[in-house]
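Engineer: have a look; sequence and predicted model below, questions after that.
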Amino acid sequence: MDQALCRSVLITGANRGIGLGLVEGFLAASPCPEVVIATCRCPESAQELQKLCKQYSNIRVLPLDVVSESSIKETVKKVEDIVGEKGLNCLINNAGINVLGSLEDVTTEAMLRTFETNTVAQLMLSKAFLPLLKKAAKQSATMGCHRAAIVNMSSISASIGLAKSNDIYHTIYPYRISKAALNMLTKCLATDLKLEGILCIALHPGWIQTDMGGTKAPLKVQDAVPSIISLLAQLSEKDNGAFLDWEGKTLPW
């Protein structure tokens, strides 16, 4: 990312996995954002984030439950105090869950819980932070993460174009359907916010070895993060509303 210009970035679900990796990546970049805001449900128990707070002066760790309206409102107020009139440059909606469920055993509860966390929460977060994103968008003229952007963490498993009857994702109905809906949310946001100068993309970060991705995943967090940050640096108006992987390749919807 053009980090001299990207003053602020907020990452949800930042206590582990890809979220934590992104926080570490932004903090280690040279130059790095003026402030990296890491959110998770229980900051006091997020040991890795607490270690980073002792190493870096430009990290802020805030509590946020993405499915709680009151928590979102409280976090927005705290972020506004941090970023001030400069606004928030980049919102990375990374928090999510993966609930297993094949056609034979998927339940209504699993579907609704996953949809709430992986799709509805991203919409409500984007809506809540919109005033701060708009403030940031007024500071520059060209679209990109240096100005104002919403990055929704999606998945290649959400691609309808790539779905096959024998693919490896047939046991994760709740996850892949919620991420497919997230892709549509991204397209809606990209259309509605284009005139505001706010860029929106859906990003497949790769199949990564995390608690969610499992040990069979081919990528490690430390290998994927530099590519993701490099991709974010290069985003421009042509990418608005796109579904990209961590290497910048366009994925079929």
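Structural biologist: Received the coordinates, thanks. Numbers count the residues shown, from 1 in each chain.
Engineer: where does the residue lying farthest from the centre of the chain land in three-state SS?
Structural biologist: Distance from the C-alpha centroid of the chain, by C-alpha atoms, centre = their mean, peaks at residue 104 (30.8 Å). Residue 104 carries the three-state label coil when classified by DSSP: H, G, I helix; E, B strand; the rest coil.
Engineer: that one and residue 115, how far apart?
Structural biologist: Noted for residue 104: a distance of 20 Å to residue 115, by C-beta to C-beta, to the nearest Å. No exception for glycine: its C-beta is placed from N, CA and C like everyone else's.
Engineer: which residues touch residue 242?
Structural biologist: Residues counted as contacts of residue 242 (C-beta atoms under 8 Å, 6 or more residues apart in numbering) are 201, 202, 250.
Engineer: I'd like to know how many residues surround the closest residue to residue 197 other than its chain neighbours.
Structural biologist: Nearest residue to residue 197 in three dimensions, chain neighbours excluded: residue 137, at 4.0 Å (C-beta to C-beta, 6 or more residues apart in numbering). Neighbour count of residue 137, defined by other C-beta atoms under 10 Å: 23.
Engineer: residue 137 reaches residue 195, doesn't it?
Structural biologist: No: using C-beta atoms under 8 Å, residue 137 is not in contact with residue 195; the gap is 10.0 Å.
Engineer: this structure: helices as residue ranges?
Structural biologist: 17-28, 47-55, 69-83, 108-115, 121-137, 173-193, 221-234 (DSSP state H).
Engineer: could you dump the ones you listed to CSV with distance to residue 151?
Structural biologist: Output for the helices of the chain, formatted as CSV (distance: least, C-beta to C-beta, whole Å):
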stretch, distance to residue 151
helix 17-28, 10
helix 47-55, 20
helix 69-83, 16
helix 108-115, 20
helix 121-137, 10
helix 173-193, 9
helix 221-234, 7
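Engineer: just checking, what packs against the lowest-mean-pLDDT helix or strand in the chain?
Structural biologist: Lowest mean confidence among the helices and strands of the chain (mean pLDDT, DSSP states H and E): helix 221-234, at a mean of 88. The criterion is 3 or more C-beta pairs under 8 Å, 6 or more residues apart in numbering; DSSP states H and E, and the helices and strands that helix 221-234 contacts are helix 17-28.
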